[in-house]
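Peer 1: Have a look at this prediction, sequence included:
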Amino acid sequence: MAVLGAVETSAVTLRDAKHQRPVINGPRCRNHGPRRALSTIRVIVIHDAEAPSNGATGVANYGATTGTAVSWHVVVDDNKAFRQLPDGIVSWTAPGCNYDGLHIEQCGYARYSKLDWFRHQATLKRAAWIVAKWCRLYKIPPVWLTDEGLRAGKRGLVTHAQVSRVYKRSDHTDPGPNYPRGYFALLVRRRIGWLE
């Protein structure tokens, strides 16, 4: 039995181990909301950080020091990922989905073309691992919600642009119209399968 468990663990570890590396803790975002019950989490909000593909350290430091009322749970780039708030803390990221959302910032730009996003496979895959773990933990289906589904309180994946459009409490358009949503959802579903 122990040998079989070791083989299974190795098989999972060999699947994209490079991007599954542990998330680095901190620095903690300076500004955020209160604690919340984990049972309230129903959506995962996908953002871009408007930062270069190696910019997670800078974004993390900005979140830890800014006086602006912004925060997020995790930021990822091509090389690393930083956890900046625990899941049980409300982030100030996308009004309308702060209290019931988990927020991941991907280093990149809303102006990116689809090709630009595909050139940053490491960012997409690193984000997909984190989102897959959240989907499993909080029983969130790895599917993109429609605006109507978001408004109706369904569970799934959304973008910051969508949250802005539905709740009209911000004007953000990230991660941009060319973000490869279908491909990203496929990456997440694949990693959920590997985790299982």
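Peer 2: Thanks, I have it. Numbering: from 1, shown residues only.
Peer 1: need the helices for this protein, in chain order.
Peer 2: Per DSSP state H, the chain has helices spanning 2-14, 56-65, 114-118, 121-138, 147-151, 160-167, 181-195. These are given in chain order.
Peer 1: Figure out which of those is closest to residue 97.
Peer 2: If you check each of the helices of the chain against residue 97 by Cβ to Cβ, helix 160-167 wins as the nearest, at 4.8 Å. Just so you know, the C-beta spots here come from the backbone N, C-alpha and C atoms, and that holds for glycine as well.
Peer 1: Restricting the selection to alpha carbons, write that closest one to CSV.
Peer 2: Only the C-alpha atoms of helix 160-167 are listed here, as CSV (Å, rounded to 0.1, in the frame of the first residue of the first chain):
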residue,chain,number,x,y,z
HIS,A,160,-12.8,41.6,-12.9
ALA,A,161,-14.3,43.1,-16.1
GLN,A,162,-17.4,41.0,-15.7
VAL,A,163,-17.8,42.0,-12.0
SER,A,164,-17.5,45.7,-13.1
ARG,A,165,-20.1,45.2,-15.8
VAL,A,166,-22.6,43.4,-13.5
TYR,A,167,-22.3,45.4,-10.3
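Peer 1: ranking the helices of the chain by mean pLDDT, which is last?
Peer 2: If you rank the helices of the chain by mean pLDDT, helix 2-14 sits at the bottom with a mean of 37.
Peer 1: coming back round to it: so which of the helices of the chain is nearest residue 75?
Peer 2: Put simply, out of those the one that sits nearest residue 75 is helix 56-65, at 4.7 Å, with distance taken as Cβ to Cβ.
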